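Asker: Have a look at this fold, sequence not included:
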């Protein structure tokens with residue numbers, strides 16, 4: 001039996017003429033009486049039934065809706081079934097290989113059936129809209145287009161909008177839901193009974209718990225560190241954007257006030273799935289193979305890379321979430337004491353009751369603070385957090401950064417109240433995410449796909465191909481042999497040892513990954529800086545260097561600046577604001593230092609608006 005994959009269909013559909021062939025003689029009532037088909041044509045259902053589907057090696061029990069007429073072609077070699085998103089979202093990660101006419105579903109590959117192969121491979125064509133077309137709701141229109149670099153007459157692409165009627169099913173876009181992986185971080189236990197799970201999903205590095213009703217298995221059957229799969233909406237921005245200018249200043253203020261009433265008390269967003277499932281048999285076998293010989297990678301490298309991306313993203317979400325999984329997630333409204341309203345930095349003192357020592361309220365932890373009634377949120381730093389084990393309370397002192405000092409003073413002065421020489425103001429406080437430091441790798445990987453999007457012949461693809469696919473890496477020539485290599489650092493010249501010469505020579509062979517082991521005090525910082533400088537000079541491509549700490553990055557940058565032979569190289573170092581506040585070492589080529597010098601060094605070359613922006617930045621960061 002042949003099937004058509006329709007990513008625009010919300011449900012799986014077949015004709016009632018197949019009922020006898022499938023051995024189905026009793027139908028259940030359809031979930032909906034009808035649906036909108038192609039070009040807005042209504043398709044009516046006579047009922048539904050659960051059908052056993054086998055796609056490759058994947059076996060599913062799926063509800064199929066049957067139409068009263070023919071919903072699929074009847075000629076020879078046509079398809080019999082339309083697979084909608086209700087089936088597609090339950091499958092393992094799948095992709096289409098158009099060149100080889102294959103559908104990769106997890107570790108399996110299914111041939112795409114074609115009646116007559118094309119005489120020539122398809123040609124990529126760039127299509128442009130002739131005019132900007134606004135499509136009102138519940139309408140359809142013809143959008144004129146033209147083919148770029150084509151002398152033939154213009155062509156038209158037809159498109160129609162979804163129409164929601166009382167007798168019709170509104171089909172959502174295919175990208176509205178997606179299948180994601182997650183890792184069970186902990187169990188929610190009450191009265192010796194498992195009530196729920198806390199799971200970290202790919203794309204959202206935070207463990208979340210939700211209603212047991214969305215699980216497709218008993219929560220007591222789940223194990224810690226178990227990999228599960230879920231159907232989730234796409235993680236998209238919930239920002240509100242307005243394309244029209246406000247009618248007046250008063251209207252703008254009114255709109256801003258209304259918007260604030262809808263904003264959450266905290267800026268993070270968790271990923272709440274629609275349904276949560278156990279892994280299928282084929283997925284479990286794929287993961288077992290990944291832990292073993294990983295034959296699936298050698299057989300299907302592209303689909304393996306895509307599934308590895310999901311696994312790595314979920315693992316990094318779990319690693320990022322475990323650091324603050326037990327943090328206090330509540331928003332506290334309380335009265336904060338102002339020790340001195342004229343002091344710098346500006347401080348807030350308060351006490352939190354009934355708090356554990358693992359709740360996240362620690363020194364140097366960022367905290368969101370809102371002075372009740374003010375118009376902006378402040379990001380403060382915990383200067384001191386003292387735990388009292390007698391009454392389980394924490395005495396907290398927050399300090400306001402220099403750039404927000406004036407605003408904090410004004411907002412507090414307007415809303416504070418003083419009694420018996422004690423000044424208090426009502427605030428809302430909530431823990432902010434901990435600072436990333438110089439290594440935000442877990443957060444970054446969890447929110448993006450590590451593999452699957454790299455070009456086929458790139459250096460990035462060569463790394464997993466060599467490690468997992470056991471493919472031989474093609475390297476360049478060894479280059480000329482250098483018996484004596486001298487390096488001048490800060491006016492002092494010295495000759496590299498034989499092992500120090502070998503490291504830069506290896507870096508010039510265009511290896512996708514290179515590991516050099518060096519003991520403490522063997523000059524690895526000088527060798528690393530020399531590798532970065534020589535790589536840029538030879539290939540004229542951007543070189544990014546990083547280490548595990550800001551101090552090591554500063555030392556590496558300072559060494560790179562002192563290489564006399566490479567003083568003409570443009571170097572830029574980025575240091576986050578949180579690291580600067582914590583006293584990270586600084587260098588002359590730091591981004592914030594360069595930006596502060598712009599209004600002085602380029603005052604005669606900048607436009608007035610750009611000059612004012614630079615001066616504003618300098619005042620704020622000083």
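Answerer: Looks like it came in fine. Every value quoted in this text rests on a predicted model; they were computed, and no experiment measured them.
Asker: Wait, residue 322 touches residue 185, no?
Answerer: Yes - assessed by Cβ atoms under 8 Å, residue 322 is found in contact with residue 185 at 6.7 Å. C-beta coordinates here come from the backbone N, C-alpha and C atoms, glycine included.
Asker: And the two? Which one has more around it.
Answerer: residue 185 (20 against 16; other Cβ atoms under 10 Å).
Asker: Wasn't the more buried one part of a strand?
Answerer: Yes - when DSSP: H, G, I helix; E, B strand; the rest coil is applied, residue 185 is found to be in a strand.
Asker: Between residue 322 and residue 185, which contacts overlap?
Answerer: 200, 207 (Cβ atoms under 8 Å, 6 or more residues apart in numbering).
Asker: now stretch 389-401, how far from the centre of its chain.
Answerer: For stretch 389-401, the separation from the chain centroid amounts to 33 Å (computed by Cα atoms, centre = their mean, to the nearest Å).
Asker: Residues contacting that stretch, please?
Answerer: 336, 345-357, 359, 361, 367, 369, 378-388, 408, 429, 581.
Asker: Mind doing that once more with 6 Å?
Answerer: With Cβ atoms under 6 Å, 6 or more residues apart in numbering as the contact definition, stretch 389-401 has outside contacts at 345-355, 361, 367, 380-381, 383-387, 408.
Asker: what does stretch 355-368 give?
Answerer: Contacts for stretch 355-368 (Cβ under 6 Å, 6+ apart): 324, 326-328, 377, 379-380, 382, 385, 387, 394, 398, 429-432.
Asker: And the furthest pair within those residues?
Answerer: Using Cβ to Cβ, the contacts of stretch 355-368 reach their maximum pairwise distance at 377 and 387, which is 26.4 Å.
Asker: So what are the structural domains in the chain, by residue number?
Answerer: 1-91+123-171, 175-237+247-322, 332-431, 475-589, 592-621 (automatic domain parsing).
Asker: The ones you listed: lowest mean pLDDT?
Answerer: In terms of average pLDDT, domain 1-91+123-171 trails the rest of the domains of the chain, at a mean of 69.
Asker: Residue most distant from the centroid, the chain?
Answerer: residue 420 (51.1 Å; Cα atoms, centre = their mean).
Asker: Would you map the helices across the stretch 51-200 of the chain?
Answerer: Secondary structure of the stretch 51-200 of the chain (DSSP state H, counting those that start in this stretch): helices at 85-88.
Asker: follow-up on the earlier one: the residue farthest from the centre of the chain and residue 337, how far apart?
Answerer: Separation of residue 420 from residue 337 (Cβ to Cβ, to the nearest Å): 12 Å.
Asker: Report the buried residues of the longest helix seen in the chain.
Answerer: Using DSSP state H to define each element, the chain has its longest helix at helix 301-322. In terms of neighbour count (16 or more other Cβ atoms under 10 Å), helix 301-322 has its buried residues at 301, 303-322.
Asker: what does stretch 565-578 give?
Answerer: 566, 571, 573, 575-576, 578.
Asker: Out of those, which comes closest to residue 285?
Answerer: residue 576 (43.0 Å).
Asker: residues touching that closest one, list them.
Answerer: No residues are in contact with residue 576 under the rule Cβ under 6 Å, 6+ apart.
Asker: Ends of stretch 44-63, what's the gap?
Answerer: This stretch, stretch 44-63, spans 16 Å end to end (Cα to Cα, to the nearest Å).
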